[in-house]
Every structure is written in structure tokens, then in C-alpha cells.
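1. I'd like to go over a predicted model; first the sequence, then the structure.
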Amino acid sequence: MSKVVLVTGASSGIGEKIAEYLSEKGFIVYGTSRNPNLSLERTFELIPLDVTNNKLIEKAINYVIEMEGRIDILINNAGKGITGPIEETPLEEIKANFDTNFYGLINVTKAVLPQMRFQKSGLIINISSIAGYIGLPYRGIYSASKSAVSIMTEALSLEVKQFGIKVVDVAPGDFITNIAAGRFHSPVLKDSAYKNDYEKVLNQMNDEVDAGLDTKVIAKVIHSIIQKKNPKIHYKIGKPMQRFSIVLKRILPDRLYEKLILNHYKL
Ligand code: NDP
């Protein structure tokens with residue numbers, strides 16, 4: 001029997017590629033978007049869902065259950081970027097980012113768990129970020145929201161194992177997507193004390209996304225995680241240096257690691 005997958009944020013980028021790849025592999029895939037463009041031909045069905053709107057979440061999940069009778073795999077992929085000096089980032093934008101990246105992911109998870117508990121099986125894959133392992137300059141809020149996802153994933157995994165539900169955290173490095181276009185960018189203020197550094201880091205950040213990996217790489221890894229009987233709790237997917245940066249953080253003294261980050265961003 002084909003497994004039923006729900007992928008949030010499947011209108012573009014990583015989510016779209018995962019949904020496409022899994023449907024090509026024979027899974028029954030439902031993707032979501034806040035504004036599904038139904039005129040585009042896709043290999044999977046795109047349904048409306050905003051992770052910050054519990055009514056829409058309930059409607060979307062009920063729809064999938066009505067159509068298929070089950071949800072085997074939830075891929076919590078919907079998310080957005082935010083950049084800026086922490087001092088100058090408006091609190092409402094910080095909250096809005098957490099509303100999507102963290103609380104939104106929890107909203108969808110809470111809505112799917114009763115069905116998975118009823119089935120006595122399920123797999124939840126949370127898309128965090130390598131940026132969640134490191135407090136990156138001018139991306140501190142994004143790093144914090146993704147770090148929250150990774151840590152929460154560990155706890156959730158321990159809580160739902162008893163129901164036959166597996167929970168996995170997948171942290172991507174840079175992948176070529178539209179994420180930069182959808183980010184909230186704190187404006188580079190003319191008289192800001194951070195102007196030069198922020199501008200420099202922002203350009204480097206965008207160059208690194210543009211030089212990132214193809215989204216097919218992550219779609220293939222997600223597919224291989226789904227096949228595993230006992231998946232690990234954490235996967236990091238990205239260029240070797242990005243993955244290695246997490247190892248370095250673990251083994252190097254804090255002062256030395258901070259120097260490496262400052263050098264990397266030429267700060
Ligand atoms: P995209 O901007 O291409 O895709 C983001 C997706 O999230 C879109 O499909 C969008 O759908 C959806 N989305 C945004 N806000 C909401 C919301 N409130 N409710 C429901 N859906 C929403 O970016 P990526 O593909 O790059 O990002 C996918 C995930 O991967 C994110 O969680 C991101 O943080 C993470 N990531 C990406 C990296 C990269 O280098 N690209 C690196 C590390 C992590 P729509 O607008 O149609 O509603």
C-alpha cells in the first residue's frame with residue numbers, strides 16, 4: 001500500500017522538490033501552500049494551508065484523512081527567513097518568524113498526531129537548518145527559530161515513541177531556492193552602527209544560497225530516511241564544510257570557533 005505524505009510549503013523550493021520526488025517514487029503526496037496555484041500542472045495535489053491558521057490546518061488535515069484514511073508521513077517544511085541586526089529587528093517581525101518557523105510547525109504537528117496515534121504509526125520530519133546549530137551574525141533570529149525546532153524535535157521523539165511514531169530533524173545547509181526573496185530583511189539603515197557589516201554579511205549570505213546545492217539532493221535524502229526502520233534523530237544535509245562547521249563547534253574552544261565565524265564573514 002502506498003504511503004500517504006503531507007508536505008507543508010510545497011509550492012516552491014525544498015518542499016516542492018520533496019513532494020515531486022516522493023510522488024514520482026509512488027507515494028501519495030499532498031503538498032500545501034497559502035495560495036495554491038491550481039493552474040500549474042503538478043505530480044501531487046496542492047491544498048491550501050497556512051501554518052499560522054489552525055482552522056486551515058484542521059481543514060487540510062481532515063481533507064487528507066477523508067481522501068486517504070490516513071497520514072503516514074508529515075514533512076514540516078514550511079518556513080521563512082529573517083535577517084538583520086538583532087538590535088534593529090522589529091519585535092513584531094521576530095514574533096512573525098517564530099509564528100511560522102516554530103509555532104506554525106507545532107500547530108501542524110499537534111493536528112496530525114491524534115491520527116498517527118490512532119494508526120499507531122507515523123513519521124514526522126521537521127526541516128530545521130544548519131543555521132540552527134550556530135548563532136550566525138545578522139541571522140540570529142532565524143538561527144534561534146531553527147534551533148528551537150531541533151531541540152523540540154528531540155523531546156517530541158521521546159514522547160511519541162511509545163505510540164510507534166518516529167520524529168526526525170533534518171537540517172539543510174544552503175540550497176538554491178527562493179528563500180531569500182521571501183525573507184524579512186531588516187532594512188539597512190543609513191545611519192546604523194551595523195550598516196557596513198550587515199550589508200557585507202547579507203551579500204555573502206545571498207551568494208552562499210545561490211551557490212547552494214540542488215534541492216534534489218535533499219529530496220533523495222528524505223526518501224532514504226523514509227526507508228529506514230530506525231532513522232536517527234538528526235540529519236545534516238549540505239556541503240561538507242557546512243556540515244563540518246557543526247563538528248568544529250563541538251570540538252573547538254568557544255573563542256577559537258568565534259574567530260573562525262568572524263573570519264568567515266570578514267567581520
Ligand atoms: P521557499 O521560500 O522556496 O519555500 C518556503 C515554503 O514555505 C513555500 O512553499 C511557502 O508556501 C511556505 N510557507 C511560508 N510561510 C508559510 C506559512 N505561514 N504557512 C504555510 N506555508 C508557508 O524556501 P525553501 O524551500 O528554501 O525553504 C523550505 C524550508 O527549508 C524552510 O523551512 C527553510 O527555513 C528551510 N531551509 C532552507 C535552506 C535553504 O538554503 N534554502 C537552508 C536551511 C533551511 P506559500 O508561500 O505558497 O504559502
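-> In hand now; what should we look at?
2. Residue numbers of the stretch 151-267 of the chain in contact with the ligand?
-> Pro172, Asp174, Phe175, Thr177, Asn178, Ile179, Gly182, Val209, Gly212 (C-beta under 6 Å from any ligand atom). From N, CA and C alone the C-beta is placed, and that goes for glycine too.
3. just the strands in this protein please.
-> Assigned strands in the chain, in chain order: 4-7, 28-33, 45-48, 73-76, 82-83, 122-127, 165-172, 184-185, 234-237 (criterion: DSSP state E).
4. For the second one, C-alpha coordinates in PDB please.
-> When you say that, I think you mean strand 28-33. Taking Å, rounded to 0.1, in the frame of the first residue of the first chain, the C-alpha atoms of strand 28-33 are listed here in PDB:
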ATOM      1  CA  ILE A  28       0.500   9.500  -2.300                       C
ATOM      2  CA  VAL A  29       1.600  13.100  -1.800                       C
ATOM      3  CA  TYR A  30      -0.400  16.200  -0.600                       C
ATOM      4  CA  GLY A  31       1.500  19.400  -0.600                       C
ATOM      5  CA  THR A  32       0.400  22.700   0.900                       C
ATOM      6  CA  SER A  33       0.600  26.400   0.100                       C
END
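5. That one vs the ligand: in contact?
-> Yes - Strand 28-33 lies within reach of the ligand by C-beta under 6 Å from any ligand atom, at Ser33.
6. hmm, who's touching that strand?
-> Residues outside strand 28-33 that contact it (C-beta atoms under 8 Å, 6 or more residues apart in numbering): 2-11, 15-16, 19, 22-23, 42-49, 60, 63-64, 67-68, 78.
7. That strand pairs with which strands?
-> strand 4-7 (parallel), strand 45-48 (parallel) (DSSP bridges).
8. Likewise for the fifth one?
-> Each strand that pairs with strand 82-83, with its direction, by DSSP bridges: strand 184-185 (parallel).
9. Distance from the chain centre to the strand it pairs with, please.
-> Distance, stretch centre to chain centre, for strand 184-185: 17 Å (C-alpha atoms, centre = their mean, to the nearest Å).
10. who touches that strand?
-> Against strand 184-185 from outside (C-beta under 8 Å, 6+ apart): Lys80, Gly81, Ile82, Thr83, Gly84, Glu93, Ala96, Asn97, Leu202.
11. looking at it, the third one is touching Gly140, isn't it?
-> The one in question is Ile82. No - between Ile82 and Gly140 there is no contact under C-beta atoms under 8 Å: 9.1 Å.
12. between those two, which one's more packed in?
-> Ile82 (24 against 18; other C-beta atoms under 10 Å).
13. Who does that one form a beta bridge with?
-> Applying DSSP bridges, one finds that Ile82 bridges with Phe184.
14. dump the residue contacts of it.
-> Applying C-beta under 8 Å, 6+ apart, the residues near Ile82 are Thr89, Glu93, Ile94, Asn97, Arg139, Ile141, Tyr142, Ser145, Arg183, Phe184, His185, Ser186.
15. Which members of the residues you listed are classed as buried?
-> By neighbour count, with 16 or more other C-beta atoms under 10 Å, those hold Thr89, Ile94, Asn97, Arg139, Ile141, Tyr142, Ser145, Arg183, Phe184, His185, Ser186 as buried.
16. Among those, which are located in helices?
-> When DSSP state H defines the helices, the subset of the buried ones among the contacts of Ile82 inside them is Ile94, Asn97, Ile141, Tyr142, Ser145.
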